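Asker: Dropping the sequence and predicted coords here.
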Amino acid sequence: MVRFIARRVALALVTLLLLSVIVFAISNILPQDVGRSILGPFAPAPEVAALNHRLGTDKPLLDQYAKLLKGMVTFNFGESYQTGQPVGDLIKSTLQNSAKLAFLAFLLTVPLGILGGVVAALKQGTLVDRVIVMLGLAGSSIPEFVTGTFLVVILGLELHLLPTLADWPPGSNIFQQMHYLLMPALALVLVYFGYIARMARAGTIVALESDYTRTAVMKGLSRATVIRRHVLRNALLPTISVIATQTGYLFGGLLAVELIFNVNGLGRLLVTAAKAKDLPVLQAGVLVIGIIYMIATLLADILISWLNPRVRLGAED
Amino acid sequence: MGESGCGKSTTAYAALRYLPANGRITGGKALIDGTDVTHLKTGELQRLRATRVSMVYQDPGAALNPSIRIGPQVEEAFTVLGHSDARSRALAALDHVRISDPRRVMARYPHQLSGGMQQRVVIAMALACDPQLLVLDEPTTGLDATVEAEVLDLIQALRTEMGAALLLIGHNLGVIRKMCDRVGVMYAGRLVEEGPAEAIFREPRHPYTVGLLRCVPRLGSRKEDHRLETIPGFLPQIGESLPACVFVDRCPIATEVCRTEPPPAVPVGQGRFSLCHHTDRIAAIPAPAAEASAPRAAQAAAPVLSLEGVSKTFKQAGHNVYALAGIDLELRAGETLGLVGESGSGKTTLAKTILGIHAPDEGGVMTLKGERLPGTVAERGREEKRSIQIVFQNPDSALNRSHTVRGILMRSLKKLAGLAGQAAEERLETLGQHVRLSSRHLDMRPRQLSGGLKQRVAIARAFAGSPRIVVCDEPTSALDVSVQAAILNLLADLQRDEGSSYVFISHDLNVVRYLSDRIAVLYLGRLMEVGPAATVFDPPHHPYTEALLSAVPRVDGEPTDRIRLEGEIPSAAAPPAGCVFHTRCPRRIPGLCDVDEPDLKEVEPGHLMRCHISVEELRRVQAKVVEPAEA
Ligand SMILES: Nc1ncnc2c1ncn2[C@@H]1O[C@H](COP(=O)(O)OP(=O)(O)O)[C@@H](O)[C@H]1O
Ligand code: SF4
Ligand code: SF4
Ligand SMILES: [Mg+2]
């Protein structure tokens, strides 16, 4: 187990290094002259040179890459070209908001999705099953901006249940913030519910039809015991692994939802930085997402192997 | 008994009311100890299952929950009965099914146990409630012959002890004969014959039973003496409208009345019936032709493949696993070399080494037709790859599901024989004819074919490049007896026509005996005995061969003084010192066998054995065992 984790961590570090190279390469292919693209075509050459010098974009590529690596380790990515604020601070504050949103969405979706999937599987072929499957399918095939808009119109403008924009007044406590984030979170729930429910349903059906469930039933156990002790654990294993390894998927939705509801999050930060060619912000943002993704996958792998004795103990004897 | 798909499991599960979601009992009663199961309420049904009936299943690995330790799984069978001391009872139950270290086993997960152990655990759970009825659905299918024999012994012993009635489902006729007092033969969802086991095996009174009994190679039957009987045709498809007698399309003595009138259950003796119009004409069923299916391979033929000092050591978690140790073996042109031994003895490793799937250790030499054969496929040339082919137990793994049979075979013809276009088409035609696949079959995809047909495709694929050597790894183990007979006939025919050599692996010793010219017995990666089939199967045997042979359940009735091997095959990571078999050998000589490893010596011309006991002595002691007359 320890060796397994060590191997996985090493692998993650290598991937991270690779990611930094890719991010660096791409961002250096796009704009040839950063100073020029910031100051515009009519700025005098010496000013451009001075800016490039100040930003470090006139240094050899290797130095610039070293700076990026150093930034990764010390979490110091320099200043934003746009605002001059330290990139680290920008990322930190927006990341916090994104994390709150993601966490809230996660907290709502996972239990709902699993519950929905398991119930659908247990009632396979009935109306309940069909309704759950249809709901999930509809939710995940309609784009976020459509569901988001619906939510805004119905819950916000018509029923006045929830604020339509996630711009909570400064000094709000965490619960007030959650209140503001509930609608964007719901938009995410709608999208991911179907996905998780589908996995949970499939896993439960496989477990229900398995030989070990048959053994449990033939032991004379009650249906509730059979499901609790024998079906669920095996059914949810693949579901959990999919949820965990698909965190990257969550980022896409997060980005769209942040834009719709004006959440001051990492997604929105990245979009604005991309528009303004704000390289340090862009680089740091992509790297941070990469790191989060990798940590999530790593945790998922560890969780899965811990839940599955076949992986945990190996099959050597 | 009956072939797969004839309704054996469905009958048993219906009796216990465990039906698939799309299954329903539409009529009739199922009485267990007087209670009609079909009308029980949920709670009563649970009670019945918890207290009075139990079941043991075909695949014990799948029947145990993979993510719960053995202990809690066994305990559960006692807690449901309301026992508060479930743990100590579970320990006792595991002890009862002869698990030697129950405490340790309780802490394990199912995947950490061998198949035989898993099945013991399932049996322990089944016996928890002291059932009146124990249903066993092919409990030993997929287990080694020696493990099978042990599990069957255990079941028989427990049965006398507990007084439970057994409903044993099986397609191995030897097992049925050994275990059962009464037999029911099923075909297409009907019980076509029923009666006392002895009577049915001695004198079957339904044409289907006759066919089934003739399909299996008997002890001592050989390909050079006769072809195997088959039952031509197929079980009716689900949804097809059934003829008046369901067996009519495959019956050798069918008449007009069989198509118009459903046959009645005709009493044919004490407690016997047969569902047939013509029970009096059974004797008219033509006897198997005594035509030889293949000539015996010439003893002096030149070797196509020879192995000298071939070993294979795997590294696993820091240990060395000695899967093969110093194998010296020759395969002659046109002969079948049978490879036998329990699982874990190294049969598949040897097969894979010959195929180049993994390289042997340094020092081992393989020679193909006089030329040195490189250790791995990657180093082998096309000619060498073409020359050595394999047929697996499970044809699915070898066949690309997205291609048609024609596509699969065309690819092999191109890759192995270098044929394309018209030439390939022509060869495909002959190949198809040889393995008896019609052109309709050629246009189907593997999943549309039955197991037997898929295996034909796999065989055709192996023969695409006219190989010199075909390794057959349990090619018929997953098939029904009638299909097995057809495949064995096919292999014999192909060998006669193409002159290929076979390395034939099977745990069914009668099958090995039928097809093989020579036999090699493996134990813990070592050759224990090699020789002509008849010599190996007749005494004197190596003590290990003797034990293997005595574990075989026989369709022809049973010599009762079986040799029982203690325990399981030791781990190849730590082979015992001295003779590797000494830990289980009933004839071991203390002080010698556990110290010195005997050499593989030629004891008679062409007959090699690895044992300290002299062949004369073995002949003397083994002569006491009365061998049954050949069938
Ligand atoms: N759930 C099911 N749905 C449809 N057909 C089934 C189902 N289970 C079994 N069958 C069919 O019923 C027949 C009898 O199957 P089974 O009882 O498993 O036979 P056996 O145990 O003798 O091999 C087969 O043709 C099989 O395909
Ligand atoms: S009834 Fe006719 S077809 Fe059916 S088994 Fe008897 S002889 Fe054959
Ligand atoms: S050498 Fe000894 S232990 Fe080995 S098989 Fe012969 S008698 Fe048995
Ligand atoms: Mg069955």
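Answerer: Everything's here; your move. Ligands and ions are numbered 1, 2, ... in the order given.
Asker: Ignoring the adjacent residues along the chain, who's closest to the residue of chain A found nearest chain B?
Answerer: For chain A, the nearest residue to chain B under the criterion C-beta to the nearest C-beta is A:Gly220, separated by 2.5 Å. Using the backbone N, CA and C atoms, a C-beta is placed for each residue, glycine as well. Leaving out its chain neighbours, the residue that sits closest to A:Gly220 by C-beta to C-beta, 6 or more residues apart in numbering or on different chains is B:Ala50, at 2.5 Å.
Asker: quick one: low-confidence parts of the chain?
Answerer: By default, I'm working from chain A. A:1, A:27, A:29-35, A:37, A:55, A:75, A:245-249, A:251-252, A:310-317 (pLDDT under 70).
Asker: Oops, wrong one, chain B.
Answerer: B:219, B:288-300, B:557-562, B:624-631.
Asker: who in it is up against ligand 2?
Answerer: B:207, B:245, B:247-248, B:251, B:253-254, B:258, B:263, B:276-278 (C-beta under 6 Å from any ligand atom).
Asker: burial measure for residue 5, as a count.
Answerer: With no chain named, the answer covers chain A. 14 (other C-beta atoms under 10 Å in any protein chain shown).
Asker: that's the wrong chain, I wanted chain B
Answerer: Neighbours around B:Gly5, by other C-beta under 10 Å: 18.
Asker: which residue sits closest to it, ignoring its sequence neighbours?
Answerer: Per C-beta to C-beta, 6+ apart, closest to B:Gly5 is B:Leu235, 5.5 Å.
Asker: Please list all residues in contact with the one you found.
Answerer: B:3, B:5-6, B:187-188 (C-beta atoms under 8 Å, 6 or more residues apart in numbering or on different chains).
Asker: mind listing what A:Gly78 touches?
Answerer: Contacts of A:Gly78 by C-beta under 8 Å, 6+ apart are A:55-56, A:67, A:71, A:86-87, A:280.
Asker: Let's see that with 10 Å instead.
Answerer: Residues counted as contacts of A:Gly78 (C-beta atoms under 10 Å, 6 or more residues apart in numbering or on different chains) are A:55-56, A:67-68, A:71, A:86-88, A:279-281, A:283-284.
Asker: Where helices are concerned, which of those count?
Answerer: Counted as lying in helices by DSSP state H, out of the contacts of A:Gly78, are A:55, A:67-68, A:71, A:87-88, A:279-281, A:283-284.
Asker: Count residues in the vicinity of the residue of the stretch 151-300 of chain A found nearest ligand 1, would you?
Answerer: The minimum distance from the stretch 151-300 of chain A to ligand 1, using C-beta to the nearest ligand atom, falls at A:Glu209 (9.6 Å). Other residues near A:Glu209 come to 13 when the count uses other C-beta under 10 Å.
Asker: thinking it is in contact with B:Asn22, fair?
Answerer: No - judged on C-beta atoms under 10 Å, A:Glu209 makes no contact with B:Asn22 at a distance of 11.6 Å.
Asker: quick one, phi psi at B:Thr35?
Answerer: phi -90, psi 130 (degrees, to the nearest 10).
Asker: Who does it form a beta bridge with?
Answerer: B:Ile32 (DSSP bridges).
Asker: any idea how far it is from B:Leu45?
Answerer: 10 Å (C-beta to C-beta, to the nearest Å).
Asker: Between these two, which has more neighbouring residues?
Answerer: Neighbours per residue, other C-beta under 10 Å: of B:Thr35 and B:Leu45, the larger number sits with B:Leu45, 17 against 14.
Asker: Tell me the spacing between the closest residue to that one other than its chain neighbours and B:Gly407.
Answerer: What sits nearest to B:Leu45 in space, not counting adjacent residues and going by C-beta to C-beta, 6+ apart, is B:Arg17, at 5.9 Å. Using C-beta to C-beta, B:Arg17 is found at 45 Å from B:Gly407.
Asker: higher neighbour count, the two?
Answerer: B:Arg17 (19 against 14).
Asker: Report the separation between that one and B:Ile238.
Answerer: From B:Arg17 to B:Ile238 the distance is 22 Å (C-beta to C-beta).
Asker: just checking, B:Gly356 touches B:Gln389?
Answerer: No - taking contacts as C-beta under 10 Å, B:Gly356 lies outside contact range of B:Gln389: 11.5 Å.
Asker: Give me the more crowded residue out of the two.
Answerer: Using other C-beta under 10 Å as the criterion, B:Gly356 and B:Gln389 rank with B:Gln389 on top: 24 against 20.
Asker: List the contacts of the more buried one.
Answerer: Here B:Gln389 is in contact with B:355, B:412, B:416, B:458-459, B:461-472, B:500 (C-beta under 10 Å, 6+ apart).
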